[in-house]
Structure formats: C-alpha cells, structure tokens
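Asks: Here you go, sequence then predicted model.
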Amino acid sequence: MHLKRQEIGKAWPITRKGTKYVITSHERRNGIPILIILREILKLSKNRREAREILKAGLISINGKIIRRENFSVLPFEKIKINEKNYELNFSKKGKFELKESKEKEERILKIINKKILKNKKIQLNLLFGKNIISSEKANVRDSVVVKDKKIIKIIPMETGAGAIIFSGKYRGAEGKIKKIVGKTAEIDCNDKILNIPLKYIMAK
C-alpha cells in the first residue's frame, strides 16, 4: 500500500503537487517517515534509492538505535543522529515538522498523559505519542519528564512560570511561558501575544 501525496499529514513539509505517491505507508501515526526527512527536509538524498543506501549503511539512529527502514516514522521530540550531527524533530512556527540541531544526543522530553498502578505497586507512566515507562518517580499527569536510556532524569511540572510548547492545534509549534492555568486551559505568553490553549495541547519544557 502506498501513501498518496494528497493523503499526507498537514505537518509534513512537502508540497501537495508532484508525484502521485510519496512513500509506502509509514509505521506510526503522528510522525514523519525517515525517508521524507532525508529526501525532503535535509535534502541528503535526491530519491528513494539514495535514501535507502544511507539507511542500509547504518548512518541513521533514532534515540540511540540504528534505523534501516525507510518507512520508520520519527515522532515529535525524538532525537536523530545523522552523519555525526544530532537533531530533534520539532515544529516550525508554521506548525510544520522541522529538524533543530540538538546538543543532547538522547535526552528527550515527553508529557505524561496518564498513570497506571501495576501489580508490583510500580507506576506505569503513559507518555505522549504512545510511549510508556515504568518508574517510582513522583510525577503528575500533564507534567513532563526528561528521559534518557529509558530512565527519567528530570521532572518538569506543568505550572505557572514553566516554559511550554504547543504540539497540536492551530498554534502548533509556538513556544512561550505559562502565565496562568485555569481549569483545563492555560494562558501562554508567546512573544507578548497571549494564547488560551487547552492543556492537552501543551507540553511543559
């Protein structure tokens, strides 16, 4: 099964005009295939064949793991290492996927969207974009955690004064500071512009 150009996600930074198909179906929703990153964003390959050669050579790793499949979807805020350079998949101010150079190789921030107590009294934290982690750390739903090597190394509370990035909705990609939280909505100061955003669309950082 192939993915048609007209069926691509709105966050993909490619034009709607061109060849009918852009890629075989990718693996994970909310992400963007590594093929599109290599070919359309970084321009490291002119076509699918060249992208495949880069992947087969083992030059690409996601969160420290070498990736060789062209349809592997990179999720927002995941870390990518390409030719000794480190990047984080993020959003531009226009809400499109973009790569930002990152100093940290594998540390990434993820939002806690749910918690579950397991039989051994350990806590499973359900994280944004389908990630899960077992931890005894005291963190609340809506807080963010900094994860490295599948371990939490820092907790960032969702609270007034915290930095925030909007990852969904009309203002996806905007960043600012939380001025106030009222119920399920937060006031975000984004370059002197105040936005009222549902908490479910915000990640503290």
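Replies: Received the coordinates, thanks.
Asks: what's the domain layout of this protein?
Replies: Split into domains by automatic domain parsing, the chain comes to 2-101, 108-155, 163-204.
Asks: Longest strand in this structure, please.
Replies: Here the longest strand in the chain is taken by residue count, with DSSP state E as the criterion, and it is strand 108-117.
Asks: weakest of the domains of the chain by average pLDDT?
Replies: Among these, domain 2-101 has the lowest mean pLDDT, at a mean of 80.
Asks: Adding mean neighbour count, write the domains of the chain out as JSON lines.
Replies: Just so you know, the C-beta spots here come from the backbone N, C-alpha and C atoms, and that holds for glycine as well. As requested, the domains of the chain are arranged in JSON lines below (neighbours: other C-beta atoms under 10 Å):
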{"stretch": "domain 2-101", "mean neighbour count": "16"}
{"stretch": "domain 108-155", "mean neighbour count": "15"}
{"stretch": "domain 163-204", "mean neighbour count": "17"}
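Asks: Tell me the helices and strands packed up against the next helix or strand after the longest strand of the chain.
Replies: Past strand 108-117, heading to the C-terminal end, the next element that is a helix or strand (DSSP states H and E) is strand 123-127. Strand 123-127 is packed against strand 108-117, strand 132-135, strand 144-148, with contacts defined by 3 or more C-beta pairs under 8 Å, 6 or more residues apart in numbering; DSSP states H and E.
Asks: what would those look like in a markdown table with distance to residue 160?
Replies: Formatted as a markdown table, the entries for these read as follows, by distance: least, C-beta to C-beta, whole Å:
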| stretch | distance to residue 160 |
| --- | --- |
| strand 108-117 | 17 |
| strand 132-135 | 25 |
| strand 144-148 | 15 |
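Asks: Those: which one's closest to residue 41?
Replies: Closest approach to residue 41 among these (C-beta to C-beta): strand 108-117, 18.5 Å.
Asks: Pull the distance from that closest one to the chain's centre.
Replies: A distance of 14 Å separates the C-alpha centroid of strand 108-117 from that of its chain, computed with C-alpha atoms, centre = their mean, to the nearest Å.
Asks: hang on, the earlier thing: so for residue 87, which of the helices and strands packed on strand 123-127 sits nearest?
Replies: Go through these one by one with C-beta to C-beta and the one that ends up closest to residue 87 is strand 108-117, at 11.6 Å.
Asks: The closest one to strand 144-148, inter-axis angle?
Replies: Orientation of strand 108-117 against strand 144-148 (axes from the mean of the first three to the mean of the last three C-alpha atoms, to 10 degrees) gives an angle of 110 degrees.
Asks: Can I get strand 108-117 as PDB, trimmed to CA atoms?
Replies: Provided in PDB are the C-alpha atoms of strand 108-117 (Å, rounded to 0.1, in the frame of the first residue of the first chain):
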ATOM      1  CA  ARG A 108      14.100  13.900  25.200                       C
ATOM      2  CA  ILE A 109      11.100  15.500  26.800                       C
ATOM      3  CA  LEU A 110       7.800  13.700  26.900                       C
ATOM      4  CA  LYS A 111       4.400  14.600  28.500                       C
ATOM      5  CA  ILE A 112       2.600  12.400  31.000                       C
ATOM      6  CA  ILE A 113      -0.900  11.800  29.800                       C
ATOM      7  CA  ASN A 114      -2.000   9.000  32.200                       C
ATOM      8  CA  LYS A 115      -0.800   6.900  35.100                       C
ATOM      9  CA  LYS A 116      -1.400   3.300  35.900                       C
ATOM     10  CA  ILE A 117      -0.500   1.400  39.100                       C
END
